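J.: 3D, please:
(one chain, ligands or ions: 1)
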Amino acid sequence: MADQASTLPLLTPHKLGKFDLSHRVVLAPLTRQRSYGNVPQPHAILYYSQRTSNGGFLLTEATGVSDTAQGYPDTPGIWTKEQVEAWKPIVNTVHAKGGVFFCQIWHAGRVSKSGFQPNGQAPISSTDKPLTPQIQSNGIDVAQFTPPRRLMTDEIPQIVNDFRLAARNAMEAGFDGVEIHGAHGYLIDQFLKDEVNDRTDQYGGSLENRCRFALDIVEAIANEIGADKVGIRFSPFADFMESGDSSPKELGLYLANALNKYGILYCHMVEPRMKKFGKTIEGPDSLVPMRKAFNGTFIAAGGYDREDGNNAVAEGHADLVAFGRWFLANPDLPKRFELNAPLNKYDRSTFYTSDAVVGYTDYPFLDSTD
Ligand code: FNR
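T.: You can find the predicted model right below:
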């Protein structure tokens, strides 16, 4: 068994900058909505600890950069002293087990409503185009969004600064680095994608202009904490939250190339298979041009299982593979991959509930008798 495991590409070591990873199975960022009042809770210590292995790489759930960043109930933040202090024991526990832990920093932009905003104001975005109400994952409730307010050009540096301060706070909390959330229709993606961005200033129009906000953030954070501690996640192909793009390949390639200028640690991209309703026309190799263009570590995510994760690494299409739903439901996922053990099924109905245990820390481990 050990011989077989040692030849599994996903279980080979990888040097992520100065971090020596013992395997390539990454915990994808997973919003769990159990941070009551935007403050990480003690139950998150057990949740992240369960998913930590010695030399493993973990990403936090999307974590708000400011009091205008929130889009869903009870998501954590990292803009107050209380939040920074609450992250510390979680980070310490992951470190004690040998994990490398980055905080995914996030602004929801227009995927929000006035109830989540200071003084009930409108959410901010690249645009003032509203989102249409959406059926939530439970299939019954309808998510309502408040029409956003388009940021004025001279307000944009302040938002970039919020990201910079959040990155500084993440380092203060003890994280090894940050991942900038530039995916899935949230604020950064609202600038990137031409279905959303209808600006006429230097942050809209051309590809270069639409990417400017993301790259301003990359630059500010790299200057603040060091490029060797910065990663970014993009989903050029995704149209989640009405954030499609007419030329996703060009967009992804432009970003991958542009990132090289800043020398950041990694680029994390989500496969088109993440697209809704399984309407995927692109094959699993759609990220290869971006992977070739980017000089640092490349992380792929979206719909991977043990077999195609191994293939992606073996073929050089990814250095690391992030697993979302399988890691959510299998706290010992790398071990299960090693043993080719059966996986626990995930229960969608508890992805976003507020219970501190059920669907959160009660997924069973393999028998510890091996
Ligand atoms: C997600 N995803 C996600 N992505 C992200 O960048 N930040 C986040 O906070 C979240 N939150 C989140 C919550 C839940 C419950 C799910 C299922 C997904 C997307 C996730 O990181 C991953 O890209 C997708 O789940 C696709 O990968 P899998 O699940 O096919 O491995």
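J.: Spit out the contact partners of the closest residue to the ligand within the stretch 51-200 of the chain.
T.: Nearest to the ligand, among the residues of the stretch 51-200 of the chain, is residue 62, at 3.3 Å (Cβ to the nearest ligand atom). (Glycine included, C-beta is placed from N, CA and C.) Going by Cβ atoms under 8 Å, 6 or more residues apart in numbering, residue 62 touches 29, 31, 75, 104, 105, 106, 181, 186.
J.: Which two of these have the greatest separation?
T.: Farthest-apart pair in the contacts of residue 62 is 31 and 105; separation 13.1 Å (Cβ to Cβ).
J.: The two: which has the busier surroundings?
T.: When residue 31 and residue 105 are compared for neighbours, residue 105 comes out ahead with 30 against 19, by other Cβ atoms under 10 Å.
J.: Does the more buried one lie in a helix or a strand, and which?
T.: strand 100-106 (DSSP states H and E).
J.: residues of that strand that come out buried?
T.: 100, 101, 102, 103, 104, 105, 106 (16 or more other Cβ atoms under 10 Å).
J.: Check stretch 56-66 too.
T.: 56, 57, 58, 59, 60, 61, 62, 63, 64, 65, 66.
J.: For the closest residue to the last one other than its chain neighbours, give me its contacts.
T.: Counting by Cβ to Cβ, 6 or more residues apart in numbering, the nearest residue to residue 66 once its immediate chain neighbours are dropped is residue 162, at 4.1 Å. Contact partners of residue 162, counting by Cβ under 8 Å, 6+ apart, are 65, 66, 69, 79, 107.
J.: which of those sit farthest apart?
T.: By the measure Cβ to Cβ, 79 and 107 form the most distant pair in the contacts of residue 162, at 10.6 Å.
J.: Looking at those two, which is more packed in?
T.: residue 107 (28 against 20).
J.: how near is the closest residue to residue 79 other than its chain neighbours to residue 216?
T.: Excluding the flanking residues, the one nearest residue 79 by Cβ to Cβ, 6+ apart is residue 66, at 5.0 Å. Per Cβ to Cβ, to the nearest Å, residue 66 is found 16 Å from residue 216.
J.: and what of residue 209?
T.: With Cβ to Cβ as the criterion, residue 209 and residue 216 are 11 Å apart.
J.: So which of those two has more stuff around it?
T.: residue 216 (19 against 16).
J.: who's in contact with the more buried one?
T.: Residue 216 sits in contact with 156, 157, 160, where contact means Cβ under 8 Å, 6+ apart.
J.: okay, the angle between the strand or helix carrying it and strand 100-106?
T.: Using DSSP H and E, residue 216 sits within helix 207-225. Counting by axes from the mean of the first three to the mean of the last three Cα atoms, to 10 degrees, helix 207-225 points 130 degrees away from the direction of strand 100-106.
J.: who does the helix or strand that comes right after helix 207-225 pair up with?
T.: Downstream of helix 207-225, the next assigned helix or strand under DSSP H and E is strand 230-234. Here strand 230-234 has these sheet partners by DSSP bridges: strand 177-182 (parallel), strand 266-270 (parallel).
J.: Tell me which helix or strand comes right after the first one.
T.: This points to strand 177-182. Immediately after strand 177-182, counting by DSSP H and E, sits helix 187-192.
J.: Run through who's touching that following helix.
T.: 69, 107-110, 124-127, 159, 180-183, 196-197, 199, 203-204, 210-214, 217, 234-236, 241, 243, 245, 251, 255.
J.: before we move on, what about stretch 251-260?
T.: Contacts of stretch 251-260 (Cβ under 8 Å, 6+ apart): 192-193, 207-208, 210-211, 214-215, 218, 232, 234, 236-237, 245, 267, 269, 287, 289-291, 293-296.
J.: And for residue 267, the neighbour number?
T.: By other Cβ under 10 Å, 27 other residues sit near residue 267.
J.: my bad, residue 237
T.: By other Cβ under 10 Å, neighbour count at residue 237 equals 24.
J.: Show me which residues of the stretch 101-250 of the chain sit near the ligand.
T.: The stretch 101-250 of the chain comes close to the ligand at residues 104, 181, 183, 184, 233, as judged by Cβ under 6 Å from any ligand atom.
J.: Residue 143 reaches residue 115, doesn't it?
T.: No - look at residue 143 against residue 115 with Cβ atoms under 8 Å: they stay out of range, at 11.9 Å.
J.: Please say which of those two ends up with more neighbours.
T.: Between residue 143 and residue 115, residue 143 has the larger neighbour count (other Cβ under 10 Å), namely 16 against 10.
J.: So for the more buried one, what's the pLDDT?
T.: Note on residue 143: pLDDT of 80.
J.: from here on, count from 57
T.: Sounds good: first residue 57 from here, last item residue 199.
J.: which ones are touching it?
T.: Neighbour list for residue 199: 189, 190, 191, 192 [criterion: Cβ under 8 Å, 6+ apart].
J.: for it, phi and psi?
T.: Taking degrees, to the nearest 10, you get phi -80, psi 120 for the backbone angles of residue 199.
J.: same deal with residue 407?
T.: Torsion angles, degrees, to the nearest 10, at residue 407: phi -60, psi -50.
J.: what about it, neighbour count?
T.: Using other Cβ under 10 Å, residue 407 has 19 other residues around it.
J.: picking that back up, overlap in contacts of residue 199 and residue 171?
T.: Counting by Cβ under 8 Å, 6+ apart, nothing touches both residue 199 and residue 171.
J.: Spatially nearest residue to the residue of the stretch 257-406 of the chain found nearest the ligand, not counting backbone neighbours?
T.: Nearest to the ligand in the stretch 257-406 of the chain, going by Cβ to the nearest ligand atom, is residue 380, at a distance of 2.7 Å. Among residues not flanking residue 380 along the chain, residue 84 sits closest, at 3.9 Å (Cβ to Cβ, 6+ apart).
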